[in-house]
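*Asks:* Compute the structure for the input listed below.
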Amino acid sequence: MKHLIRHRLELSALLLAVTIPGACVPGALKRSGTAPLPAGSNPFFSESTLPFHAPRFDLIRNEHYEPALEEGMRQELAEIDAIAKQTDAATFDNTIVAMEKSGALLGRTAQAFFGVIGANTNDTLQKVQDVEAPKLAAHNDAIYLNDQLYLRVKSVYDRRASSGLTPEQLALVERYDRDFVRAGAQLSEADKVHMRSINQELSKLSTDFSNKLLAGTKTGALVVDNVSQLDGLTEAEIITAAEAAKERGLTGKWVLPLRNTTQQPAQAELKNRAVRRKLFELSTLRTSRGDSSDTKSTIRRMSQLRAEKAQLLGYPTWAAYALVTQGAKTPENAVKLLTDLVPPATARAREEAADMQKLIDSQGGGFKLQPWDWQYYSEQVRKAKYDLDESQIMPYFELNSVLQNGVFFAANKMYGLTFKERHDIPVYHPDVRVFEVFDADGSSLALFYADYFKRDNKSGGAWMDQFVDQSRLTGWKPVVYNVANFTKPAAGQPALLTYDDVTTMFHEFGHALHGMFSRVGYPTLSGTNVPRDFVEFPSQFNEHWAMEPTVFANYAKHHQTGAPMPQALVDKIKLSRSFNQGFAFTELLGASLLDFAWHTLPPGTTPSDVDAFEAASLKRFNVAMPEVPPRYRSTYFSHIWDGGYSAGYYAYTWSEVLDDDAYAWFKEHGGMTRANGTRFRDMILSRGGTEDAATLYRTFRGRDPNVDALLEERGLKGGTTQ
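*Replies:* Numbering: from 1, shown residues only. Below you'll find the predicted structure:
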């Protein structure tokens, strides 16, 4: 089980927290003024009796996490010590399998803790995180830098070819040896001391970054005193902004909370240019104002420590260390993919900018297009070109219909899955819904939690993770969750989504399917425990079914009348899908290359000026466009500083090559059929990390992937505007 804890410490986007006085504590209801439970009543200390071993959020309180984490670490170290000190010769069963079984208490506690920290944190949990994060880092070092234990792992590894292991067992042994070596098991004692020190400091800095980011994001929200400043927003959006202000004690005002990205959705609608600019500046400066939420010193130190850690392990840079286990293998390969795509992306973006400048000039604007203008004028250009804007289509994208009649319907068509909502499974917040998932043969497959609405105490963005991991070793089935940050409607109002929100739901459910369909023997190889540049493949692939005609027709219905979206409007959406792709791809490539700029720095070369370094890096990669800033600037780039994507944000583009190429295979073989879905499930989704990812894909596709399908899907093939 410890591998899963290590995975969550290093890779999970959920090591985030923010202080929200009075925020709802984990559990079905807020509990205030409750006395600590008597000794022995901590619900983590025994396996959950709920279906699928789901967390007992009806019993779990703030004060349960810290003692359970502490006791979980103590128990696992005792188990590891017993494994390491065995006198019998090391075997697959008494060493590798024994480690897979270790740390049960720590595993179930950490999975619940990290889930709640990301989605429903509070000041008490933040303090727990501050205390426990460095202890958990030290705990992992105590395992991976244990000389006796590594000698046993190495013994099994060295004899793996003659031990009669199955292919999956062989993959597990190789994973263990690799992880020990990459953690520093072969270092000298002096270097191990240095490694422990680096890991301790990185753990503290990661927590520091996440706390600063969430605090800065909250305080950076746009607050307006006069509703006229929100001219352009719909009536429902204005009501929601008033409710957001009221929740913050700002009655009589309006609040637009920040999303985690650079550009903010409201910029597409706000007519007041000064307000658009203020919102943009609040977003881009949220953590670089020189105040208590400023992250510049934090990220500079993190980049330096990562470079030092890589050097200790024999690599020239952090990126070189990070990518050796990924599909890309080297930073040079990943950067080449990205930079090869820069010319068509920026060429299209410049065409788009020119179209908007013409519109501004025709309206007598008298100004040059700026980044805070892009969303607003691109919507006008889209409306002019395609007679389409978000206000036309959002009434047809009601959240529950998208979920039930879109996301779930597609999973039924492709894989035969059915879903039943469970109201008897406790949740950590009233907004969370739980569904039992049934396979095509009627057998129970998994539990799925859906938590879609934005809260001030929820981390930004959208993600998938698991409360329980599938494993034949334990006999447990997966308990999977999706989290997003869609705008919560005011009471009595429907939850209407943008088309981007719709694709986000399909995307995150693609991750969920990857977890649900896992048919793996050992937890370390289960579900989404695959290379970072492969993990986004199933999720991005699943996005394609949002526009599949039979699926779209089933969910895109007017929330009031139930009428299907008129075909003329559907056609406009299809025609406009390649619209603004120059912007979208350029901001993505900018962020991906900025990640590499930080993580290809050798030790001792930390930039003194973060802003200047960022600007110079974008220019060096030929992706600098003043009108198109990166999707994330360095100071709030959560993916790479505390979300497990350091030197890995390129994975979205690398995986997009795979997902579009795989979708092309589906189109070549009859499209969305059960037979094709079964093949994809059996050859990709169910396999976890049991085989090399490139081999899995090559076996499925019959060849290696190429970028042709990506360029076609993005509308960038040939370099002309569509």
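
*Asks:* looking at this protein, which helix or strand does the model trust least?
*Replies:* helix 2-11 (a mean of 37; mean pLDDT, DSSP states H and E).

*Asks:* Tell me the strands beside the lengthiest strand in the chain, with direction?
*Replies:* The strand spanning the most residues in the chain, taking DSSP state E as the definition, is strand 444-453. As defined by DSSP bridges, the strand partners of strand 444-453 come to strand 433-438 (antiparallel), strand 479-486 (parallel).

*Asks:* Start and end of stretch 180-187, how far apart?
*Replies:* Distance between the two ends of stretch 180-187: 11 Å, counting by Cα to Cα, to the nearest Å.

*Asks:* For that stretch, the averaged confidence score.
*Replies:* For stretch 180-187, mean pLDDT is 98.

*Asks:* What of stretch 397-409?
*Replies:* 98.

*Asks:* Stretch 322-341 now?
*Replies:* For stretch 322-341, mean pLDDT is 97.

*Asks:* how about low-confidence regions in the stretch 601-722 of the chain?
*Replies:* 718-722 (pLDDT under 70).

*Asks:* all helices for it, in order.
*Replies:* For the stretch 601-722 of the chain, the helices defined by DSSP state H, counting those that start in this stretch cover 610-620, 638-641, 651-668, 674-680, 693-701, 708-714.

*Asks:* Which of those helices sits closest to residue 477?
*Replies:* Proximity to residue 477 (Cβ to Cβ) singles out helix 674-680 among the helices of the stretch 601-722 of the chain, at 19.3 Å. C-beta coordinates here come from the backbone N, C-alpha and C atoms, glycine included.

*Asks:* distance of the residue sitting furthest away from the middle of the chain from residue 152?
*Replies:* Relative to the centre of the chain, and counting by Cα atoms, centre = their mean, the farthest-placed residue is residue 87 at 43.2 Å. Distance, residue 87 to residue 152, using Cβ to Cβ, to the nearest Å: 11 Å.

*Asks:* same question for the longest strand of the chain, mean pLDDT?
*Replies:* On average, strand 444-453 scores 98.

*Asks:* ok, now how distant is the most centrally placed residue in the chain from residue 642?
*Replies:* By Cα atoms, centre = their mean, the chain has its centre lying nearest to residue 463, at 4.0 Å. When distance is defined by Cβ to Cβ, residue 463 is 12 Å away from residue 642.

*Asks:* Tabulate the helices of the stretch 601-722 of the chain (TSV), appending mean neighbour count and distance to residue 362.
*Replies:* Below are the helices of the stretch 601-722 of the chain laid out as TSV (neighbours: other Cβ atoms under 10 Å; distance: least, Cβ to Cβ, whole Å):
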stretch	mean neighbour count	distance to residue 362
helix 610-620	16	30
helix 638-641	24	39
helix 651-668	21	35
helix 674-680	16	48
helix 693-701	16	47
helix 708-714	19	28
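
*Asks:* re the thing from before, most tightly packed of the strands paired with strand 444-453?
*Replies:* Among the strands paired with strand 444-453, strand 479-486 has the highest mean neighbour count (mean count of other Cβ atoms under 10 Å), at a mean of 24.

*Asks:* Beyond that strand, next helix or strand please.
*Replies:* helix 499-516 (DSSP states H and E).

*Asks:* other SSEs contacting that next one?
*Replies:* For helix 499-516, the packing partners by 3 or more Cβ pairs under 8 Å, 6 or more residues apart in numbering; DSSP states H and E come out as helix 408-415, strand 444-453, strand 463-468, strand 479-486, helix 532-543.

*Asks:* Run the angle between it and helix 651-668 for me.
*Replies:* Per axes from the mean of the first three to the mean of the last three Cα atoms, to 10 degrees, the angle that helix 499-516 makes with helix 651-668 is 90 degrees.

*Asks:* and helix 499-516, C-alpha only, in PDB?
*Replies:* C-alpha atoms of helix 499-516 as PDB (Å, rounded to 0.1, in the frame of the first residue of the first chain):
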ATOM      1  CA  TYR A 499     -19.700  23.400 -23.800                       C
ATOM      2  CA  ASP A 500     -16.200  23.500 -22.200                       C
ATOM      3  CA  ASP A 501     -17.800  22.300 -18.900                       C
ATOM      4  CA  VAL A 502     -19.500  19.500 -20.800                       C
ATOM      5  CA  THR A 503     -16.200  18.300 -22.200                       C
ATOM      6  CA  THR A 504     -14.700  18.500 -18.700                       C
ATOM      7  CA  MET A 505     -17.300  16.100 -17.400                       C
ATOM      8  CA  PHE A 506     -16.600  13.700 -20.200                       C
ATOM      9  CA  HIS A 507     -12.900  14.100 -19.700                       C
ATOM     10  CA  GLU A 508     -12.900  13.400 -15.900                       C
ATOM     11  CA  PHE A 509     -15.200  10.500 -16.400                       C
ATOM     12  CA  GLY A 510     -12.700   9.000 -18.900                       C
ATOM     13  CA  HIS A 511     -10.200   9.000 -15.900                       C
ATOM     14  CA  ALA A 512     -13.000   7.400 -13.800                       C
ATOM     15  CA  LEU A 513     -13.500   4.600 -16.400                       C
ATOM     16  CA  HIS A 514      -9.700   4.000 -16.300                       C
ATOM     17  CA  GLY A 515     -10.000   3.400 -12.500                       C
ATOM     18  CA  MET A 516     -13.300   1.500 -12.700                       C
END
